[in-house]
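> From the sequence below, what's the structure:
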Amino acid sequence: MVGQIAKRRLGASPVEVVPLGVGCWAWGDEEYWRYGHEHGPADAIDAFDASVAAGLDFFDTAEAYAWGKGEQILGALVRKSGADVVIATKYAPLAGRGGAAAVAKGLAGSLRRLRMPAVDLYQLHWPDREEAPIAAMMHALADAVDAGQARAVGVSNFRAGEMREAHAVLARRGIPLAVNQVKYSLLHRSPEVDGVLEACRELDVALLAYSPLEQGLLTGKYTTDRLPPGERAQVPWFAPENIAAAEPVVARLRAIAETHGVTPAAIALAWLLATPGVIPLAGARTAAQARDNAAALHVRLDDSERAELDAAAEAWRVGG
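From the prediction side, this is the model:
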């Protein structure tokens, strides 16, 4: 079954991936994801191995994930396994860092932590026109491609207009804008209404959907009486009123999941996978989560099931 998974190209770039990525924010992050408390190194190894065994080949990290530890962990896992995978990381345009002039040094640091000569996808983590003007940053990313240190480049958290500007600058260098990584899920529908999804399709840019499970809310394991541990319980989507509002969506996910013999998480990811141009990035802290996520690749929702989910999530369509 793994061999039957068709790959998708990241925009007009040369990079092809199985269309369900693994988000690696939780690997190494102690404060938010409680690495070392709720899960640890053995779990990360198991989650990576289970992802690869299920046919997943796209792993997304960032220098800001546990301030470099995330890259170190992912690099070590790749080296240990010898797996042929696609690696993406991101540059953080922190205030005072130096903007475009600091990109080359930032990428060198990422490659050193990953212990790799190049990455498949290098992204700007968020826009900051004062610290990192878009034109200058895109030229710096293009330089990374020209230097052979990145096969493709992208952006993250960019609005539609910012995407268009980035795309135009890169086009003048003969390099495509491969991706825009934004939050998108059944409960966060902003890309449908703010022009980002439309712009991605128009410009041939892949939309990488982060937090596709709303950090666990769409798995059905959290309720107003059972919140995630630590800082995650304090974020807006785990407020009691939002958990209650999500219950109809979670109920439909459970019902549809039962008919397909998978988990609610797999159905939530399958809903995104059926959206043209969208590649979800689902975090996996354990092997079980990795397998649950990967099952989405083999689920085909029919029109009535998608309509049921859309109807249940109607209240969130305006932006979530």
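> can you map out the strands along the protein?
8-9, 16-17, 21-23, 58-60, 86-91, 119-124, 150-156, 177-183, 206-210, 278-283 (DSSP state E).
> Mind checking those strands for the one nearest to L77?
strand 58-60 (8.4 Å; Cβ to Cβ). Where C-beta positions appear, they are placed from N, C-alpha and C, glycine not excepted.
> quick one on the thing from earlier: quick one: the strands of the chain as a markdown table, columns for distance to G98 and mean pLDDT too.
Shown next, in a markdown table, are the strands of the chain (distance: least, Cβ to Cβ, whole Å; pLDDT from 0 to 100):
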| stretch | distance to G98 | mean pLDDT |
| --- | --- | --- |
| strand 8-9 | 33 | 98 |
| strand 16-17 | 31 | 98 |
| strand 21-23 | 27 | 98 |
| strand 58-60 | 24 | 98 |
| strand 86-91 | 11 | 98 |
| strand 119-124 | 14 | 98 |
| strand 150-156 | 19 | 98 |
| strand 177-183 | 23 | 98 |
| strand 206-210 | 26 | 98 |
| strand 278-283 | 28 | 98 |
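> want to throw those strands into CSV with distance to R226?
Output for the strands of the chain, formatted as CSV (distance: least, Cβ to Cβ, whole Å):
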stretch, distance to R226
strand 8-9, 36
strand 16-17, 34
strand 21-23, 23
strand 58-60, 28
strand 86-91, 32
strand 119-124, 34
strand 150-156, 31
strand 177-183, 23
strand 206-210, 24
strand 278-283, 19
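> among those strands, which is nearest D29?
strand 278-283 (10.1 Å).
> List the beta-bridge partners for the nearest residue to P93 once chain neighbours are set aside.
Leaving aside its chain neighbours, P93 sits nearest to A132 (3.8 Å; criterion: Cβ to Cβ, 6 or more residues apart in numbering). Note on A132: beta-bridge partners by DSSP bridges are D128.
> re the thing from before, of the strands of the chain, which is nearest G68?
For G68, the closest of those is strand 86-91, at 10.3 Å, according to Cβ to Cβ.
> what packs against the closest one?
strand 58-60, helix 69-81, helix 103-114, strand 119-124 (3 or more Cβ pairs under 8 Å, 6 or more residues apart in numbering; DSSP states H and E).
> The third one versus strand 150-156: what angle between them?
With axes from the mean of the first three to the mean of the last three Cα atoms, to 10 degrees as the basis, helix 103-114 and strand 150-156 are set at 110 degrees to each other.
> I'd like the distance from helix 103-114 to the chain centre, please.
Once both centres are worked out by Cα atoms, centre = their mean, to the nearest Å, helix 103-114 turns out to sit 20 Å from its chain's centre.
> Report the mean per-residue pLDDT for it.
Averaging pLDDT along helix 103-114 gives 98.
> could you dump it to CSV, C-alpha only?
Output of helix 103-114 as CSV, limited to C-alpha atoms (Å, rounded to 0.1, in the frame of the first residue of the first chain):
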residue,chain,number,x,y,z
VAL,A,103,20.2,34.5,6.4
ALA,A,104,23.4,32.9,5.2
LYS,A,105,24.7,32.5,8.8
GLY,A,106,21.3,31.3,9.9
LEU,A,107,21.2,28.6,7.2
ALA,A,108,24.7,27.6,8.0
GLY,A,109,23.7,27.1,11.7
SER,A,110,20.7,25.0,10.6
LEU,A,111,22.8,22.8,8.4
ARG,A,112,25.4,22.4,11.1
ARG,A,113,22.7,21.2,13.6
LEU,A,114,21.1,18.9,11.1
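> quick one on the thing from earlier: now tabulate the strands of the chain in TSV and tack on distance to R232 and mean neighbour count.
As requested, the strands of the chain are exported to TSV (distance: least, Cβ to Cβ, whole Å; neighbours: other Cβ atoms under 10 Å):
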stretch	distance to R232	mean neighbour count
strand 8-9	30	17
strand 16-17	28	19
strand 21-23	14	28
strand 58-60	19	26
strand 86-91	21	26
strand 119-124	24	25
strand 150-156	20	26
strand 177-183	15	26
strand 206-210	15	25
strand 278-283	12	24
